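Engineer: my questions concern the predicted model and sequence given below.
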Amino acid sequence: MDKLFLRPKPTRREFLQIATASLALLGLSQALTPKVVKALEASSGKPSVIWLHGSECTGCSESLINSLEPTAVSLLLDTISLRYHETLMAASGHKAEEALEKAIAEGGYLLVIEGAIPLAEDGLYCTIGGKTFKDIVRGCAKNAAAIIPVGSCATYGGFPAAGPTDSVGYLYRNTKKHHEFDDVTGDKPVINLPCCPMHPERLVAVIVHYLTFGTIPPLDNFERPISMYGELLHDNCERRGQFEAGRFVTDWGDPSQNGYCLYLKGCKGPWSRHDCWKRLWNGRTNYCIAANVPCIGCSEPEFYERFSPLYDRQFDITLPGIGKVDIDKVMATVAAIAAAGISIDTIITKLKGEES
Ligand code: SF4
Ligand code: SF4
């Protein structure tokens, strides 16, 4: 069984759409479009993809299949070979496990991981087909060509890491704690695509890069593609002017505060690196800040537990010669601080380091 999903092969027009969108996301020249289209056309059925589900809500899969543009679904379902995906595949039970074993034996696949890996009780809190998820991940990682954890759960632990199951993300495979996981990654490339949920276009772009160049895009310290996670939201936010001017939303019911900075309502933009502000979501219609919602920092390892409660600001600051200061008081005297020559921006960028 080579393909679990039988749909018409994408048209050349769809390949062009995939190519141009992915090149933009990767920060590469559109002049490479013919090369990408050629690689996509030649990639029918290859490489295969194994998509695992661990401790998670399946929201990342929802994000993929609900994408309004056909590019993500076309690439994964119609172009390359999605061999195993528990919630999309028609097969179940032993048939599904046989498909997984066959794909593993053939090797050379892209391993997409959705969901965190529980370690407590030797992994007992997530078992599929009688195997713990940590053993399933190890078994699949062994013969993979590249490993792509998608969503905050799979990359850093996300919501499950805040619970009692001692769940971790794949990023932590080499930490002391993760030695229980007995990592088999070796020198295989790992590309983390955090955010809750994952953005389907980011996954498509990584796969397109792999199909076209046989390599992965440049990564940062958290193994995230720099082209997608290289810039701070705070540096690009349309409300940055309000932040600088000290105009903050303090009362959701006050219409005069519409469009003010959301920092005091818990915005994690000053610590969050991603391209949501230009990538947008839901068919490129909107993103958190534009929808008047604070950034929850789901692109960062601190999400969820250290950034919780998400809609409260929780970092106070330490000022030289003054000590710990409640940020509410700082904001109330923002004009005085500015007059003293200390920019609010400088203070805020220090918060994370002082709290860690
Ligand atoms: Fe669900 Fe978010 Fe985890 Fe994806 S990252 S599985 S959407 S909780
Ligand atoms: Fe934008 Fe949030 Fe920064 Fe305010 S704190 S400027 S809302 S990113």
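Structural biologist: Perfect, I can see it now. Not measured: the values here are computed from a predicted model. Numbering: from 1, shown residues only. Ligands and ions are numbered 1, 2, ... in the order given.
Engineer: all contacts plus neighbour counts: C-alpha atoms, from now on.
Structural biologist: Will do.
Engineer: nearest to ligand 2: which residue in the stretch 51-200 of the chain?
Structural biologist: residue 195 (15.7 Å; CA to the nearest ligand atom).
Engineer: the stretch 1-150 of the chain now?
Structural biologist: Taking CA to the nearest ligand atom, the stretch 1-150 of the chain has residue 25 as its residue nearest ligand 2, at 20.7 Å.
Engineer: just confirm that residue is within a helix.
Structural biologist: Yes: under DSSP: H, G, I helix; E, B strand; the rest coil, residue 25 sits within a helix.
Engineer: how much space between the residue nearest the centre of the chain and ligand 1?
Structural biologist: Centroid-nearest residue in the chain: residue 194, 1.6 Å away (criterion: CA atoms, centre = their mean). Using CA to the nearest ligand atom, to the nearest Å, residue 194 is found at 7 Å from ligand 1.
Engineer: and the end-to-end length of stretch 147-167?
Structural biologist: For stretch 147-167, the first-to-last residue distance is 18 Å (CA to CA, to the nearest Å).
Engineer: in it, what's buried?
Structural biologist: Judged by neighbour count (16 or more other CA atoms under 10 Å), stretch 147-167 contains these buried residues: 147-162, 165-167.
Engineer: and what of stretch 301-311?
Structural biologist: Of the residues in stretch 301-311, 301-305, 307-308, 310-311 count as buried by neighbour count, 16+ other CA under 10 Å.
Engineer: off-centre distance for that stretch?
Structural biologist: Here the centre of stretch 301-311 is set off from its chain's centre by 15 Å, with CA atoms, centre = their mean, to the nearest Å.
Engineer: check whether it comes near ligand 1.
Structural biologist: No: Stretch 301-311 does not reach ligand 1 (CA under 6 Å from any ligand atom); its nearest approach is 9.5 Å.
Engineer: what pLDDT does the closest residue to residue 174 other than its chain neighbours get?
Structural biologist: Distance criterion CA to CA, 6 or more residues apart in numbering; nearest residue to residue 174, sequence neighbours excluded, is residue 183 at 7.1 Å. According to the prediction, residue 183 has pLDDT 79.
Engineer: wait, is residue 183 part of a helix?
Structural biologist: No: read with three-state DSSP, residue 183 is coil and lies in no helix.
Engineer: heads up, I number from 130, so please use that
Structural biologist: Yes, from this point I'll number from 130; that puts the last item at residue 312.
Engineer: and it, what is it in contact with?
Structural biologist: The contact partners of residue 312, by CA atoms under 8 Å, 6 or more residues apart in numbering, come to 267, 302-303.
Engineer: kindly report the same for residue 408.
Structural biologist: residue 154.
Engineer: just residue 310 next, same as before
Structural biologist: 248, 263, 267, 302.
Engineer: same question for residue 261.
Structural biologist: For residue 261, the contact set (CA under 8 Å, 6+ apart) comprises 252-255.
Engineer: now tabulate the residues you listed in JSON lines and tack on pLDDT.
Structural biologist: Converted to JSON lines, these look like this (pLDDT from 0 to 100):
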{"residue": "252", "pLDDT": "92"}
{"residue": "253", "pLDDT": "94"}
{"residue": "254", "pLDDT": "95"}
{"residue": "255", "pLDDT": "96"}
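Engineer: can you select the buried ones from the residues you listed in PyMOL?
Structural biologist: Buried members of the contacts of residue 261, defined by 16+ other CA under 10 Å, are picked up in PyMOL with:
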select buried, resi 252+253+254+255
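Engineer: residue 263 - nearest residue in space that isn't next to it in sequence?
Structural biologist: Excluding the flanking residues, the one nearest residue 263 by CA to CA, 6+ apart is residue 246, at 5.8 Å.
Engineer: that neighbour falls within a strand, correct?
Structural biologist: Yes: under three-state DSSP, residue 246 falls within a strand.
Engineer: go ahead and confirm it touches residue 182.
Structural biologist: No: Residue 246 is beyond contact range of residue 182, at 9.6 Å (criterion: CA atoms under 8 Å).
Engineer: up against ligand 2, what does the stretch 330-479 of the chain have?
Structural biologist: 362-363, 366, 368-369, 372, 390-392, 396, 398-399.
Engineer: show me the contacts for residue 406.
Structural biologist: 362, 365-366, 416.
Engineer: and if you look at residue 214?
Structural biologist: Contacts of residue 214 (CA under 8 Å, 6+ apart): 179-182.
Engineer: with residue 229 instead?
Structural biologist: 179, 212-213.
Engineer: out of these, which are inside strands?
Structural biologist: Among these, the subset assigned to strands under DSSP state E consists of 179, 212-213.
Engineer: which of those residues sits closest to residue 329?
Structural biologist: Distances from residue 329 to the ones in strands among the contacts of residue 229, taken as CA to CA, are shortest for residue 179 (16.0 Å).
Engineer: appreciated, that's everything.
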